[in-house]
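*Asks:* Give me a model of this one.
(2 chains)
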2 protein chains.
Amino acid sequence: MPRITFITIGSELLRGRIVNTNATEVALCLRRYGFALDRVLSIADDRAAIQAAVTAERAQAELVLISGGLGPTRDDITKHALAELTGCPLRWDEGLREQLAARYAARGRELNPLTAQQALVPEGWTVLPNAIGTAPGLSWRQDGSWLVAMPGVPFELLHIVEHELIPRLQQAFPAEAFAQRVIRLHGITESAAASRMEQLEADLLAGLEVSYLPRHDGLWIELGGRLGGVEAPHTLESASRAVADLFADTCYARSDAPVAALFLDACRGRGLTLAVAESLTGGQVAASLVQISGASEVFRGSVTAYDPAVKVQLLEVPAHWIQDPGVVSAPVAEAMAEGVRRLLGADIGLATTGLAEPDGDRPAQAWIGYADARGRGSEHTYLRYPRTVNITRLAQQALIFALKKVQEQS
Amino acid sequence: MPRITFITIGSELLRGRIVNTNATEVALCLRRYGFALDRVLSIADDRAAIQAAVTAERAQAELVLISGGLGPTRDDITKHALAELTGCPLRWDEGLREQLAARYAARGRELNPLTAQQALVPEGWTVLPNAIGTAPGLSWRQDGSWLVAMPGVPFELLHIVEHELIPRLQQAFPAEAFAQRVIRLHGITESAAASRMEQLEADLLAGLEVSYLPRHDGLWIELGGRLGGVEAPHTLESASRAVADLFADTCYARSDAPVAALFLDACRGRGLTLAVAESLTGGQVAASLVQISGASEVFRGSVTAYDPAVKVQLLEVPAHWIQDPGVVSAPVAEAMAEGVRRLLGADIGLATTGLAEPDGDRPAQAWIGYADARGRGSEHTYLRYPRTVNITRLAQQALIFALKKVQEQS
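*Replies:* Below is the predicted model of the structure:
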């Protein structure tokens, strides 16, 4: 396998103005095809920095991917820096210029001079077409060194990686067998899980890469490795089952799909529909469901009852419960779940209520309420993180709680 | 200013399992105090890779920050790699061990042997206390080289950066004057904005760093630089005003606060309350409001009317409108806004409806509806990105639309 460095260029990354999701998405895409990133490096839109970084990374990786700084504005200098570094002066690519002009014309617009500069290409570099944007990818191979520059716009980058880079990569480096499995737990700490795994790691899992990944949706245990040959998937599958058995009390999935997708699948398989009532999570449970294409088969809608009056008026929580037992209580959570289930005519109601931040001497905490034709249930949790993290984690926990309830229905 | 590299260690970063938000947050925190990251590097939990990376980065940066791999599990090897690299064998820090045991005891739990290893410290390194987690930060300075290792858990990392690292950094490198301004536009492309800016960049903005940052909430133009002395804020302020004037048609803010915070502030200042009805955005408008502490003064609640029946039943959209003009229309968007405003008794109603993905030959598109005591309004937009991006962008656009409507009320 080639060693691969991914250089993400952009001063905004170093200033904290954007999160480097490109690194995540490119890593996931490469992995699907059996390739892996060795290093990810972020540097500024600075000619010297770009040239120094590319030179150093070329010395230790067969392939250097570069993204960002291919736009039309003054601060985009990647192409110029690479042209100079490889001694390939920029030349007009007339075919590319015509394509750009034609695409603009089709939208009834004229190609402006700034955008036209996207058709300037370093001599000897190969153009990797960008069907969904104006900046093409650029590839250059020489003496065992391979540079690929791509735009930093996330979906343009991924489009070029998927459609242009991967096929070339597969041709250059036929991929070895590669497999991985994820076992997902909720309600156990990383160190407690690792302690329980000690025997298994020394025994059945020897030779596999085992990693622990605490996430907002619980603890992921990832098993992986290049085992070679046909036995890899089998070995990993039985290892994965052994780990799931060891954590029968806390395991909620063996898949890397989002919790919302797992939950929607579980409901769809049973012909169940869902309505959500959110207080603490304020819409995030609903929003995470709607992220999943096809959510509308299961998800009817939701009410964000941020104001306590909305809980009473719309969700039919008894008015006197707002004071006693109070909105942060099991009865209110369960009543909200039952209320929204009836209001929107769904099979399942799911609700959240609580304090996203400590309030005086009351710690941040929440109740998750659940209701279906069989009755009501709830779960309490303390929230130990900053406000926005607490909200995100509780939205995930609510869906995991509901997933378990649905799974019980067999 | 010291050159600073931030090495984020974790195979999960290279496998695309997590997004490197630590780099973003540390960059923002350093910036607040006038420091800047020069490089961010992600590498695997691998002894040789860690040692090679630290050695190479030390050669070009006065300060190397390192995060991750300080946990208690087998794949956490950062401390061991650094101890070996600097020739400092691990020793028990008895004070630290006692503190850990005491904290566990206070929660009624016993310190397990794995976690106890957090009290193993390389000889000669300084412990940077971690008040909110078990892995302490570790600092080592010698011969103009400074290494600081910190846990990868985001809020623990930030806690140590803010409370332990920054004070030491300020002492070692008294910070120079530093200032920046952001001008935010919506409804203009990067290249169109850059074209319009040409004269200003050559003239008034010469000597400033000007960068263009296309984001989900529009285009940010960022002005910045180390101008030195007392004139910096003044120069930047007048430059920022000039840019805002140039884009009077598309500028919606000169601040780096989230759109939701800008909108809540605008409402709070005018004593207005808000209710939201979401179809396409499915809860994300509400969720982004609730992220902001104190949202409850303005935000009454929301309805996610994902099923068209909910639009009719709860929001009083006339039933025959579902077919004609159809749910993706200005009248339905406006009726949803008015319906939720009445349902939840708020001053303002804001609604989204549309197609997050193309449906047959209908392109992805949306209507934003707005209603207040003065009447109704709406805005149409085509959505050109993948589903989840379209949802996120539309949620931002809806809040920007509402912000402008509220600002009109003066």
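
*Asks:* So which residues on the stretch 251-400 of chain A come close to chain B?
*Replies:* A:276, A:278, A:281-287, A:289-291, A:293, A:295-296, A:299-307, A:309-310, A:314, A:343-345, A:356-357, A:385-389, A:391 (CB under 8 Å from any CB of the partner chain). For every residue, glycine as well, the C-beta is placed using N, CA and C.

*Asks:* Out of those, which sit inside helices?
*Replies:* Counting by DSSP state H, the part of those found in helices is A:284-287, A:289-290, A:309-310, A:343, A:387-389, A:391.

*Asks:* Greatest separation within those: which pair is it?
*Replies:* A:Leu343 and A:Val389 (30.0 Å; CB to CB).

*Asks:* quick one: the strands in the stretch 151-300 of chain A?
*Replies:* A:179-185, A:209-215, A:218-225, A:251-253, A:274-278, A:299-304 (DSSP state E, counting those that start in this stretch).

*Asks:* Mind putting these into TSV with mean neighbour count?
*Replies:* What follows is the strands of the stretch 151-300 of chain A, written out as TSV (neighbours: other CB atoms under 10 Å in any protein chain shown):
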stretch	mean neighbour count
strand A:179-185	22
strand A:209-215	18
strand A:218-225	21
strand A:251-253	21
strand A:274-278	32
strand A:299-304	30
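
*Asks:* need the least confident one among these, by mean pLDDT.
*Replies:* Ranked by mean pLDDT, the strands of the stretch 151-300 of chain A end with strand A:209-215 at the bottom, a mean of 86.

*Asks:* got the angle for that one vs strand A:218-225?
*Replies:* 160 degrees (axes from the mean of the first three to the mean of the last three CA atoms, to 10 degrees).

*Asks:* what does strand A:209-215 contact?
*Replies:* When contacts are defined by CB atoms under 8 Å, 6 or more residues apart in numbering or on different chains, strand A:209-215 is touched by residues A:190, A:193-194, A:197, A:201, A:219-225, B:11-12, B:17-18, B:45, B:71, B:73-75, B:153.

*Asks:* Give me the sheet partners of it and which way each runs.
*Replies:* If you go by DSSP bridges, strand A:209-215 pairs up with strand A:218-225 (antiparallel).

*Asks:* quick revisit: in terms of neighbours, single out the busier of A:Leu343 and A:Val389.
*Replies:* Neighbour comparison, A:Leu343 and A:Val389: the larger count goes to A:Leu343, with 21 against 15 (by other CB atoms under 10 Å in any protein chain shown).

*Asks:* Share the number of residues neighbouring A:Arg47, please.
*Replies:* With other CB under 10 Å as criterion, A:Arg47 counts 15.

*Asks:* Show the buried residues in the ones in helices among the residues of the stretch 251-400 of chain A next to chain B.
*Replies:* A:284-287, A:289-290, A:310, A:343, A:387, A:391 (16 or more other CB atoms under 10 Å in any protein chain shown).

*Asks:* Let me know the closest of the residues you listed to B:Arg109.
*Replies:* Once CB to CB is applied, the member of these that ends up nearest B:Arg109 is A:Arg387, at 26.0 Å.

*Asks:* wait, doesn't that closest one sit right on A:Ala356?
*Replies:* Yes: contact criterion CB atoms under 8 Å: A:Arg387 and A:Ala356 qualify, at 4.9 Å.

*Asks:* Touching both of the two, which residues are there?
*Replies:* Contacts common to A:Arg387 and A:Ala356, judged by CB under 8 Å, 6+ apart, are A:Ala364.

*Asks:* Surely A:Ile4 touches A:Ala36?
*Replies:* Yes: checked against CB under 8 Å, the pair A:Ile4 and A:Ala36 is within contact range at 7.0 Å.

*Asks:* Quote the end-to-end distance of stretch A:56-63.
*Replies:* Terminal residues of stretch A:56-63 are spaced 12 Å apart (CA to CA, to the nearest Å).

*Asks:* Check which helix or strand A:Gly406 maps to.
*Replies:* One thing to correct before we go on: residue A:406 is Val, not Gly. Secondary structure from DSSP states H and E places A:Val406 in helix A:387-408.

*Asks:* List the buried residues for that helix?
*Replies:* A:387, A:390-406.

*Asks:* what's the answer for stretch A:143-154, then?
*Replies:* Neighbour-count burial for stretch A:143-154 [16+ other CB under 10 Å]: A:145-154.

*Asks:* Next: stretch A:48-68.
*Replies:* For stretch A:48-68, the neighbour count (16+ other CB under 10 Å) marks A:49-50, A:52-54, A:56-58, A:61-68 as buried.

*Asks:* Now the two most distant members of those.
*Replies:* Within the buried residues of stretch A:48-68 (distances taken as CB to CB), the two that end up farthest apart are A:Ala49 and A:Glu62, at 22.3 Å.

*Asks:* so the nearest residue to A:Glu62 once chain neighbours are set aside, which of the three states?
*Replies:* Closest residue in space to A:Glu62, ignoring its immediate chain neighbours: A:Pro2 at 3.9 Å, by CB to CB, 6 or more residues apart in numbering or on different chains. Following DSSP: H, G, I helix; E, B strand; the rest coil, A:Pro2 is assigned to coil.

*Asks:* Test my guess that A:Pro325 contacts A:Pro331.
*Replies:* Yes: the pair A:Pro325 / A:Pro331 is scored as a contact, 5.7 Å apart, by CB under 8 Å.

*Asks:* Tell me which of these two has more neighbours.
*Replies:* A:Pro331 (17 against 12).

*Asks:* Surely the more buried one touches A:Trp321?
*Replies:* Yes: in this structure, A:Pro331 is within contact of A:Trp321 by CB under 8 Å, at 6.1 Å.

*Asks:* show me where pLDDT drops low in chain A?
*Replies:* Residues of chain A meeting the criterion pLDDT under 70: A:175-178, A:226-233, A:410.
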